[in-house]
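Q: missing the sequence, but the structure's below:
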């Protein structure tokens with residue numbers, strides 16, 4: 001993707017994500033329809049659906065040749081990342097949206113022939129936009145985020161950790177994961193994968209580990225983390241499969257290597 005095209009798409013994506021966020025804030029206390037998908041804790045609301053429809057309309061009107069992958073199923077049946085593909089989570093952290101009315105985000109990623117060109121994560125209620133264009137670094141609003149260049153050690157790090165690894169029949173040995181929690185300075189769970197990726201890019205977290213994410217959960221965050229020098233793989237250290245559900249481990253290169261070698265390889269069943 002050339003620079004002119006990248007800038008044009010970025011400007012539209014930024015305009016739309018800010019407008020969608022403004023609408024959510026305006027309607028945050030309005031009555032909403034709440035349903036569930038795969039299980040009673042996998043929530044979906046009318047706001048999720050309406051927000052995704054908003055992006056679909058904007059994208060198809062402005063860039064009719066572009067394709068869309070969206071969590072709520074209003075996009076295209078995408079089999080490859082050929083061409084320009086938008087990957088959108090209209091509300092990442094729906095449970096937080098419903099229960100807390102905060103700690104959720106809109107996540108928008110644009111890939112061109114499989115390469116992450118643009119990533120946007122909007123912390124709606126805090127009015128904080130994390131953004132990245134390939135080769136230009138990552139930003140929080142207008143502040144450029146520092147690259148993860150300074151050495152980092154696990155004992156002085158805070159790790160985002162989705163606690164689903166505690167459940168039975170998961171991918172790792174829970175005893176070894178408990179040792180990880182004890183070794184790190186601290187662990188946090190925010191309930192929004194997009195925000196946890198953004199916090200890694202910002203340096204608020206040194207790493208984020210979860211047993212299962214879909215493309216709309218990680219597509220934008222991977223671009224942000226990559227632009228500050230971070231690393232994203234699955235828990236085996238393998239590349240992420242962009243159109244599939246994956247275990248995901250993202251973070252500072254030093255922390256990524258340490259946890260991968262000392263904990264995750266041992267913890268895999």
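A: That came through fine. A quick note: this is a predicted structure, and the numbers were derived from the prediction, not measured.
Q: hmm, residue 74 is touching residue 54, no?
A: No: taking Cβ atoms under 8 Å as the definition, residue 74 is not a contact partner of residue 54, at 9.9 Å. To be clear about C-beta, it is placed using only N, CA and C from the backbone, and glycine gets the same treatment.
Q: quick one: average pLDDT of stretch 241-251?
A: The average pLDDT within stretch 241-251 is 95.
Q: just stretch 10-23 next, same as before
A: Averaged over stretch 10-23, pLDDT sits at 98.
Q: neighbouring contacts of that stretch?
A: Contact with stretch 10-23 is made by 51, 54-55, 58, 62-63, 86, 90, 106, 108, 110, 118, 120, 122, 124, 127, 129, 131, 133, as judged by Cβ atoms under 8 Å, 6 or more residues apart in numbering.
Q: filter the residues you listed to the buried ones?
A: 51, 54-55, 58, 63, 86, 90, 106, 108, 110, 118, 120, 122, 124, 129, 131, 133 (16 or more other Cβ atoms under 10 Å).
Q: show only the entries of these found in helices.
A: Taking DSSP state H, the ones among the buried ones among the contacts of stretch 10-23 that sit in helices are 51, 54-55, 58.
Q: now, the buried ones among the contacts of stretch 10-23 that are in strands?
A: Mapping the buried ones among the contacts of stretch 10-23 onto strands (DSSP state E) picks out 86, 90, 106, 108, 110, 118, 120, 122, 129, 131, 133.
Q: from residue 94, how far out is the third one?
A: So the one you mean is residue 106. 12 Å (Cβ to Cβ, to the nearest Å).
Q: for stretch 135-149, which positions count as buried?
A: Buried, per 16+ other Cβ under 10 Å, within stretch 135-149: 137-140, 145, 148.
Q: which residues are contacting that stretch?
A: 119, 128-132, 198, 201-203, 224, 227-230, 252-253.
Q: same thing but 6 Å
A: With contacts defined as Cβ atoms under 6 Å, 6 or more residues apart in numbering, stretch 135-149 is touched by 129-132, 201-202, 224, 227-230, 252.
Q: got it, and stretch 93-100?
A: Outside stretch 93-100, the residues that reach it (Cβ under 6 Å, 6+ apart) are 43, 91, 103-104, 191-192.
Q: quick one: residue 5 and residue 65, what's the gap?
A: From residue 5 across to residue 65, the span is 12 Å (Cβ to Cβ).
Q: the more surrounded of those two?
A: residue 5 (12 against 7; other Cβ atoms under 10 Å).
Q: what comes up buried for the host helix or strand of the more buried one?
A: Here residue 5, judged by DSSP states H and E, is contained in helix 3-26. By neighbour count on 16+ other Cβ under 10 Å, the buried set for helix 3-26 is 6, 9-10, 13-14, 16-18, 20-21, 24.
Q: ok, now stretch 255-265?
A: Residues 255-256, 258-260, 263-264 are the ones in stretch 255-265 that count as buried (16+ other Cβ under 10 Å).
Q: columns distance to residue 33, secondary structure and pLDDT on top of the residues you listed, output as TSV?
A: TSV is the format used below for those (distance: Cβ to Cβ, whole Å; DSSP: H, G, I helix; E, B strand; the rest coil; pLDDT from 0 to 100):
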residue	distance to residue 33	secondary structure	pLDDT
255	41	helix	97
256	40	helix	96
258	45	helix	96
259	40	helix	95
260	42	helix	93
263	42	helix	88
264	40	helix	80
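Q: all good on my end, thank you.
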